[in-house]
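> Build the 3D model from these lines:
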Amino acid sequence: MNIRHRHDTIVRNLRRNGSATIDALAHEVGASRRTVLRDISALRDQGFVIHSESGRGGGVQLDPQSMQTTARLSVSEVFALLISVAAMRAGQNLPFSDLADAGLAKIEKSLPSDKVRDLRRFLDCLHIGQLSPKQDLSDLGQIDPHLLPAFETAFLQRCHLRFDYRDAKGMRTNREVEPQAMLILQPLWYLVSWDPTREDFRHFRMDRISNPVCVVDRRFRWRHVPFEDDVCPYKDLP
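Next comes the predicted model:
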């Protein structure tokens, strides 16, 4: 169980039961007493009011009015917010854009410096353009929610990405590529990658990608993506 899951489990337990012993919490999250004590301290830093009860049978108790007051967003979550705002702005459909920018800036300030650096590197891979009115949208599907965290790892660690892909004719293949950029032509989203087998750039519609896996033992170098020449032709891409 990762740190975030442990924290969520501890808070849910305390809200449900009112109080709990450290041993009981340690058993529920599958961690040591020392780890749970560190988790309790971290939760207090986040704004939760947790009281300690000493003595036999004592434990910890969560103030029922208590809530988290500090942001606990991952790079992927902040990036998702940023690209959503950017996509709406590109479509000229973002009222109150100044307030949105100010809010996102505050969220960014809540992240550690290394996470901010990762976020900016991630944002460098984002490009937004206008969709051609000739583009066929009849088969537009849902984007796999697992794509964004997989992209985060692939882009930041510069590792190959392997996934199943369904082309415009419905044929399914397995691909392994070097992710270079994300292209948003609302409502279509593309992964722009270098395909080592074809030695060329390829555009993959994200709603046609499934089962993404990062190949962490295979690294690649960044390449210049020639968006200024033709960011995305209107015809169906592979």
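
> When you work out contacts or count neighbours from here on, use the C-alpha atoms and nothing else.
Fine.

> Looks to me like Y190 is in a helix.
No: going by DSSP: H, G, I helix; E, B strand; the rest coil, the assignment for Y190 is strand, not a helix.

> what about the closest residue in space to it that isn't next to it in sequence, how many residues close to it?
Closest residue in space to Y190, ignoring its immediate chain neighbours: R205 at 4.5 Å, by Cα to Cα, 6 or more residues apart in numbering. By the measure other Cα atoms under 10 Å, the count of residues near R205 is 24.

> pLDDT at R205, what is it?
If you check R205, the pLDDT there is 93.

> Pretty sure it sits against L188.
Yes: the pair R205 / L188 is scored as a contact, 7.0 Å apart, by Cα atoms under 8 Å.

> How many residues are close by the nearest residue in space to K115 that is not next to it in sequence?
Closest residue to K115 apart from its sequence neighbours, by Cα to Cα, 6+ apart: V75 at 6.3 Å. When neighbours are counted by other Cα under 10 Å, V75 registers 20.

> Quick check, pLDDT for V75.
pLDDT, V75: 70.

> quick one, what contacts it?
115-116, 118-119 (Cα atoms under 8 Å, 6 or more residues apart in numbering).

> tell me how far the helix or strand harbouring L99 is from the chain's mean position?
Secondary structure from DSSP states H and E places L99 in helix 97-109. Chain-centre distance of helix 97-109: 18 Å, with Cα atoms, centre = their mean, to the nearest Å.

> and the helix or strand just after that helix, which residues are buried?
Where DSSP H and E defines the elements, the next helix or strand beyond helix 97-109 is helix 113-123. Judged by neighbour count (16 or more other Cα atoms under 10 Å), helix 113-123 contains these buried residues: 116, 119, 122.

> what's in contact with helix 113-123?
75, 78-79, 108, 152, 155-156.

> Counting only helices, which of these make the cut?
Those of the contacts of helix 113-123 mapping onto helices are 75, 78-79, 108, 152, 155-156, per DSSP state H.

> How many residues are close by F96?
Residues lying near F96 (other Cα under 10 Å) number 8.

> what's the pLDDT at it?
At F96, the model reports a pLDDT of 71.

> Could you check how far it is from L123?
22 Å (Cα to Cα, to the nearest Å).

> next one: N13
In terms of Cα to Cα, N13 sits 37 Å off from L123.

> Return the entry from the ones in helices among the contacts of helix 113-123 with the maximum number of neighbours.
That'd be F155 among the ones in helices among the contacts of helix 113-123, by other Cα under 10 Å, with 24 neighbours.

> residues contacting that one?
Here F155 is in contact with 122, 125, 179-180 (Cα under 8 Å, 6+ apart).

> which of the residues you listed lies closest to D195?
Nearest to D195 among those is P179, at 8.9 Å by Cα to Cα.

> which SSE is the closest one in?
Here P179 is assigned to strand 172-185, by DSSP H and E.

> Helix 113-123 and that strand, what's the angle between them?
100 degrees (axes from the mean of the first three to the mean of the last three Cα atoms, to 10 degrees).

> Describe which strands strand 172-185 pairs with in its sheet and in which direction.
strand 126-128 (parallel), strand 159-166 (antiparallel), strand 188-195 (antiparallel) (DSSP bridges).

> Redo those as JSON lines? Include mean pLDDT.
Conversion of those to JSON lines gives the following (pLDDT from 0 to 100):
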{"stretch": "strand 126-128", "mean pLDDT": "83"}
{"stretch": "strand 159-166", "mean pLDDT": "95"}
{"stretch": "strand 188-195", "mean pLDDT": "92"}
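
> Which of those sits closest to T21?
strand 159-166 (43.4 Å).

> contacting residues around that closest one?
Applying Cα under 8 Å, 6+ apart, the contact partners of strand 159-166 are 150, 153-154, 172-179, 208-220.
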